[in-house]
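Asker: okay, here's the prediction I keep looking at, along with the sequence it came from:
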Amino acid sequence: MSEIKRISTGVMMPVIRKFLEDDKSVRITVTGNSMYPFLRDNKDSVELITCSFSEIRAGDIILIQRDDSAYVLHRVIFKKKEHVYINGDAQRSLEGPIRKDQILAKVTTVWRKRAEISVNNILWKTLAFLWFCILPFRKMIIFRYHKLRSIQRKYSN
């Protein structure tokens, strides 16, 4: 198995942007916990493609560049004529408006372990919609899930 190299965002993003500008897809490893439980830090990877603003829909996961130059991979909650509002799946507050020019790409595929998951899969879309619907309860659900997992680990050893 080949060794995985970690590269800083400052070095990596210009290369990724060049591939996207050339209409090539790019696969990156997810970092951060803002998209948990759908995307897991340093465990999942995603395929990104360039898309037009008209192709973006509520529920899509998009890569944006904030005005402070930070890059973020979050889900579109709703779309207006000239901008979108986004939210991390592990977060409770909306971010936006996000302008068209800030949107760099959207996710088409997620890799978890060796499994390839299309974001157009009906189960994926249904779970994402249900997760959105329980927005006020997310923090409690994630807390309980981690608590149950720690109990499970404690007694399985």
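Answerer: In hand now; what should we look at?

Asker: what's next to stretch 75-95, contact-wise?
Answerer: Stretch 75-95 is contacted by residues 33-39, 56-62, 64, 72, 74, 96-100, 103, 128, 131-132, 135-136, 138-139, 142 when judged by Cβ atoms under 8 Å, 6 or more residues apart in numbering. (Each C-beta comes from the backbone N, C-alpha and C, glycine too.)

Asker: mind giving me the PyMOL select for those, buried ones only?
Answerer: In PyMOL syntax, the buried subset of the contacts of stretch 75-95 is picked out as below (16 or more other Cβ atoms under 10 Å):
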select buried, resi 34+35+36+38+39+56+60+61+62+64+72+74+96+98+103+128+131+138
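
Asker: buried residues in the helix ranked longest in the chain?
Answerer: Scanning the chain for the longest helix, with DSSP state H as the assignment, gives helix 138-156. The neighbour-count check on helix 138-156 (16+ other Cβ under 10 Å) flags Arg138 as buried.

Asker: strands along the protein, start to end?
Answerer: Using DSSP state E, the strands of the chain run over residues 26-29, 44-49, 61-65, 71-79, 83-87, 95-99, 103-112, 115-118.

Asker: hey, C-alpha coordinates of the fifth one in PDB?
Answerer: Translated: strand 83-87. C-alpha atoms of strand 83-87 as PDB (Å, rounded to 0.1, in the frame of the first residue of the first chain):
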ATOM      1  CA  HIS A  83     -26.500  33.000  -4.000                       C
ATOM      2  CA  VAL A  84     -26.900  29.900  -1.700                       C
ATOM      3  CA  TYR A  85     -27.000  29.300   2.000                       C
ATOM      4  CA  ILE A  86     -24.900  26.400   3.400                       C
ATOM      5  CA  ASN A  87     -24.600  24.400   6.600                       C
END
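
Asker: right, I'll call it a day here.
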